[in-house]
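Coordinates for the following, if possible.
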Amino acid sequence: MTSYYVANLTDHRELGYHESRNAPIWFGFHLMAMGRPEGPGCYCTTNELLRYGIDRLANQYDVTIVDCEAGPEQVNRRVINGVDILIIVTDISTRGIHAATEINAVVQRDIDMASVRTGLIINKFKSENPVIMKMIEDAGLNILGFVPDDDALAEYDSQGRPITDLPDDSPSVLAVRDIVEKMTLL
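Coordinates of the predicted model:
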């Protein structure tokens, strides 16, 4: 059985709290959720703690998913090391594609990440925009798939219901399943 670990890098204060398989098990996953860092100043110590903690935790699992804040900061500061696949998730906006392009550029410039495979997932997808699709092509981003704008997903979110309860035939569930199968993580 594959073991999974999911970390959400939005609050660095919680890292030491679940630094083991004692993290809560949620639908077959161990999950460490964090909020945002607070206050101004240098985050060098925080980033070092994150780097150490993520490396240590990732060695305990077959698959580790790290959800970083939008932008290239966590990649640029080398908070996430030992990455095999970097999945960049964005919406189909100019700003989102610019951020995805910058993240990809940071990875391409980093000699230590030369073997990292990167892919782009377009979230809340409604329809193709030729200008945006050209930006993606020009940036050399590999599209792994599109997760459609799903009314059921929005409804579950507004009701505070877990998305893991979405029906198997939900458009977003089908899209994510297809993307995961393409990535051979299933």
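
quick one: average confidence on the host helix or strand of residue 102?
Assigned by DSSP states H and E, residue 102 belongs to helix 94-109. Mean pLDDT, helix 94-109: 88.

Restricting to C-alpha, output it in PDB.
Output of helix 94-109 as PDB, limited to C-alpha atoms (Å, rounded to 0.1, in the frame of the first residue of the first chain):
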ATOM      1  CA  THR A  94      -2.700  36.100 -17.200                       C
ATOM      2  CA  ARG A  95      -1.500  36.600 -13.700                       C
ATOM      3  CA  GLY A  96      -1.700  32.900 -12.900                       C
ATOM      4  CA  ILE A  97       0.200  32.000 -16.000                       C
ATOM      5  CA  HIS A  98       2.900  34.600 -15.300                       C
ATOM      6  CA  ALA A  99       3.300  33.100 -11.800                       C
ATOM      7  CA  ALA A 100       3.500  29.500 -13.200                       C
ATOM      8  CA  THR A 101       6.000  30.700 -15.800                       C
ATOM      9  CA  GLU A 102       8.200  32.200 -13.100                       C
ATOM     10  CA  ILE A 103       8.000  29.100 -10.900                       C
ATOM     11  CA  ASN A 104       9.000  27.000 -13.900                       C
ATOM     12  CA  ALA A 105      11.900  29.400 -14.700                       C
ATOM     13  CA  VAL A 106      13.300  29.100 -11.200                       C
ATOM     14  CA  VAL A 107      13.300  25.300 -11.600                       C
ATOM     15  CA  GLN A 108      15.000  25.500 -15.000                       C
ATOM     16  CA  ARG A 109      17.700  27.800 -13.700                       C
END
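
need the next SSE after it, C-terminal direction.
Downstream of helix 94-109 (by DSSP H and E), the next one is strand 117-125.

tell me which residues in stretch 117-131 are buried?
118, 119, 120, 121, 122, 123, 124, 125 (16 or more other CB atoms under 10 Å). In this view, the C-beta of every residue, glycine as well, is placed from N, C-alpha and C.

now the closest residue to the second one other than its chain neighbours: how far from residue 157?
What it means is residue 119. Using CB to CB, 6 or more residues apart in numbering and skipping the chain neighbours, the partner closest in space to residue 119 is residue 144 (3.8 Å). According to CB to CB, to the nearest Å, residue 144 stands 23 Å off from residue 157.

same question, residue 142
Distance from residue 142 to residue 157, by CB to CB: 28 Å.

got it, and residue 125?
From residue 125 to residue 157 the distance is 17 Å (CB to CB).

Next: residue 94.
Counting by CB to CB - residue 94 and residue 157 are separated by 25 Å.

One more: residue 132?
24 Å.

Comparing these two, which residue is more hemmed in?
residue 132 (17 against 11; other CB atoms under 10 Å).

List the residues that contact the more buried one.
Applying CB atoms under 8 Å, 6 or more residues apart in numbering to residue 132 gives the contacts 92, 93, 94, 97.
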